[in-house]
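>>> the sequence isn't on hand, but the structure is:
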């Protein structure tokens, strides 16, 4: 038994040795030509030149990397990165073998690859020498280069190069830019708490940046401080003081990098491998328009508000031509700005509604969810167009519920607005999504309505070239259809009503066609976000007002107030500069149909209007061609009397009619062989009652009523309505009140 166990152990050991031999053989072959290039570690000559839409270099931008010597960086700042990124930094030789085994075991346990084990040395190599591809060969090259790095440089030098090359978000490369951009200080003046915050950002700048999410940044900062205390990099006293310190980002007066430039820097990372531009000179050509940027900035900066603010302009192909922000393009909850994209456009595209579909705006409960309109005001039956213009929450939820949340989510996902599993609820109708969206993302969705239902992912970058002119990246054809052309046209028509009679009425003073939608996020205690998104055939212009830290504004700040006024100012700036507006596109895929106003308003029924109907009884609505009404009104061509009653009082005969107020009638009396027209209601104030007086006593009479209407094509007569024959009363000379009987001279 003992010999058998020994054999098993030897067999396992043999297999392990064979695998080890195979691994190292493969390692040496795969990395034979991989060697450390010291010139790449910190390249002072790397530069990014950014050009505008006309090929002119943007003023005030320098791509030179700013380097700070390790001697000028506090020890606790450097150790903050060690504590959270590589706790065995001072003991390993470039590769943390213990960390690798721990990560491998944990990943096997969780059946995932969530946990990594990259050391600071490996991260420095990855950022300066290697591409971002996830392959075994790249990882092996990373191991070898990290070992070589450790042999050629001290730990202090490696830390210095690391903190001067890593990306901190918001366009910041290196600790010098980050310290200045976020906290307005140089690295030597960073506090322990600020150092912990910067070290925490590195894992995911788009998540932990204090400008993106102060709350998440703060949570991460506390974790770094705990690790620093645990690893004896700070004392308990320093920890206690630092944990309480406020590390909110500050506005830096001398920050020369404009919001548009920051946006471009972040985009470069999406299109090029980081190493491709951090160690070489590249030229980035953008869609930046200096005139539009000036129009936008003047409009937004002149907004008298202590809040954060953003403004963005896309052209008719969803290219970002101007951007201004006091807090970057952080994602926010969208509120009612999502209604056209998530509710009305999908419903129209699916054929569930038309813009004139009647919806009963009333308080209602959806299995425990009971949305409310602003100020709890409800209108009864309204059109979908009116509901969108007034941003009525109940109507939006009703439409979403009828269409199905999952069906509508499919449309939203195609626009690149972030959607999670938790968004599969009726709250989608009110823009209450888990991740919110950036201003660029929601504006890109609205650009779909300009582009006949085709979505183009918004971008600021036209192309990227190296110094020899070789194109490294070019903005390609990333268009995809989301809505039908007819849907896009109808939604734009609906959103024009938001300007003429809805929540964006501030914009109605502009004397050119404009579609718009406002949005407000908040509750009875205040609002956190306010939007106005407006567009015509040339541009999407959007403005947002709020606070990056989500503190409340007053309830008086809504989408229809400050953001709408800002949009108005920007459009006016463009007009004053000589801009000639263009309306949204026309299409032959829709039909403009006259519908019967009476049927619509009184019975909530959509039917095509009678061709003889006067203008005041007609509504002109737009339909997809496969959705035109299949019911026709004949009320002005074939008028008819629904009901009539006749009664006698001695020698007076009274006729009472049930008659539409637009209809007149003539009364004909038959007595014996005589048929006489005795009455015409035209011009009469009371058309419902007519009395034929002083008739012959004890005589039979019959009446015929002929309805008619005066329409745009002249008088149209309807079907005759015959009343039952009726007899007047006889004279009673023996009665007590004979003097009240009619006197007739039979002479």
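Sure, I can see it. Remember, it's a predicted structure, so these values are computed and weren't measured experimentally.
>>> use CA for all of it now, contacts and neighbours both
OK.
>>> quick check: what element follows the longest strand belonging to the chain along the chain?
In terms of residue count, the longest strand belonging to the chain (DSSP state E) is strand 700-711. Using DSSP states H and E, the helix or strand that follows strand 700-711 in sequence is strand 714-717.
>>> can you check the pLDDT for residue 133?
pLDDT, residue 133: 61.
>>> and the longest strand of the chain, what's buried?
Under the neighbour-count criterion of 16 or more other C-alpha atoms under 10 Å, strand 700-711 has 701-711 buried.
>>> swap in stretch 352-365?
Buried, per 16+ other C-alpha under 10 Å, within stretch 352-365: 353-362.
>>> now, which of the buried residues of strand 700-711 sits nearest residue 235?
Residue 235 lies nearest to residue 711 out of the buried residues of strand 700-711, by C-alpha to C-alpha, at 92.0 Å.
>>> residue 613 is in contact with the closest one, correct?
Yes. Using C-alpha atoms under 8 Å, residue 711 is in contact with residue 613, at 5.4 Å.
>>> quick check: neighbours shared by those two?
residue 636 (C-alpha atoms under 8 Å, 6 or more residues apart in numbering).
>>> follow-up on the earlier one: packing partners for the longest strand of the chain?
For strand 700-711, the packing partners by 3 or more C-alpha pairs under 8 Å, 6 or more residues apart in numbering; DSSP states H and E come out as strand 664-671, strand 714-717, strand 721-722, strand 726-727.
>>> what residues does the last one touch?
Under the criterion C-alpha under 8 Å, 6+ apart, residues 646-648, 698-702 lie in contact with strand 726-727.
>>> what do you get if the cut-off is 6 Å, keeping everything else the same?
699-701 (C-alpha atoms under 6 Å, 6 or more residues apart in numbering).
>>> are we agreed that residue 448 is in a helix?
Yes. Assessed by DSSP: H, G, I helix; E, B strand; the rest coil, residue 448 belongs to a helix.
>>> just checking: what are the partner strands of the longest strand of the chain?
strand 664-671 (antiparallel), strand 714-717 (antiparallel), strand 721-722 (antiparallel), strand 726-727 (antiparallel) (DSSP bridges).
>>> report the buried residues of the second one.
Across strand 714-717, burial judged by 16+ other C-alpha under 10 Å covers 716-717.
>>> which SS state does the residue nearest the centre of the chain fall under?
Per C-alpha atoms, centre = their mean, the C-alpha nearest to the average position across the chain is that of residue 442, at 3.3 Å. On the three-state scheme (three-state DSSP), residue 442 is labelled helix.
>>> nearest spatial neighbour of it, skipping sequence neighbours?
The shortest distance from residue 442 to any non-neighbouring residue, by C-alpha to C-alpha, 6 or more residues apart in numbering, is to residue 417 (6.8 Å).
>>> could you do residue 569 as well?
residue 299 (5.3 Å).
>>> so that neighbour is in which element?
helix 290-301.
>>> and that helix, what does it pack against?
In terms of contacts (3 or more C-alpha pairs under 6 Å, 6 or more residues apart in numbering; DSSP states H and E), helix 290-301 is packed against helix 562-576.
>>> following element in sequence after the helix it packs on, please.
Helix 562-576 is succeeded, C-terminally, by strand 590-596 (DSSP H and E).
>>> elements contacting that next one?
For strand 590-596, the packing partners by 3+ C-alpha pairs under 6 Å, 6+ apart are strand 618-624.
>>> if we go by neighbour counts, what in whichever helix or strand comes after the strand it packs on is buried?
Toward the C-terminus, strand 618-624 is succeeded by strand 643-649 as the next helix or strand (DSSP H and E). For strand 643-649, the buried set under the neighbour-count rule, 16+ other C-alpha under 10 Å, comprises 644, 646, 648.
>>> for the residue lying closest to the second one once chain neighbours are set aside, helix, strand, or coil?
Closest residue in space to residue 646, ignoring its immediate chain neighbours: residue 655 at 4.6 Å, by C-alpha to C-alpha, 6+ apart. When the structure is reduced to helix, strand and coil (three-state DSSP), residue 655 reads as strand.
>>> how near is the nearest residue to residue 721 once chain neighbours are set aside to residue 684?
Closest residue to residue 721 apart from its sequence neighbours, by C-alpha to C-alpha, 6+ apart: residue 705 at 5.0 Å. Residue 705 is 16 Å from residue 684, where distance means C-alpha to C-alpha, to the nearest Å.
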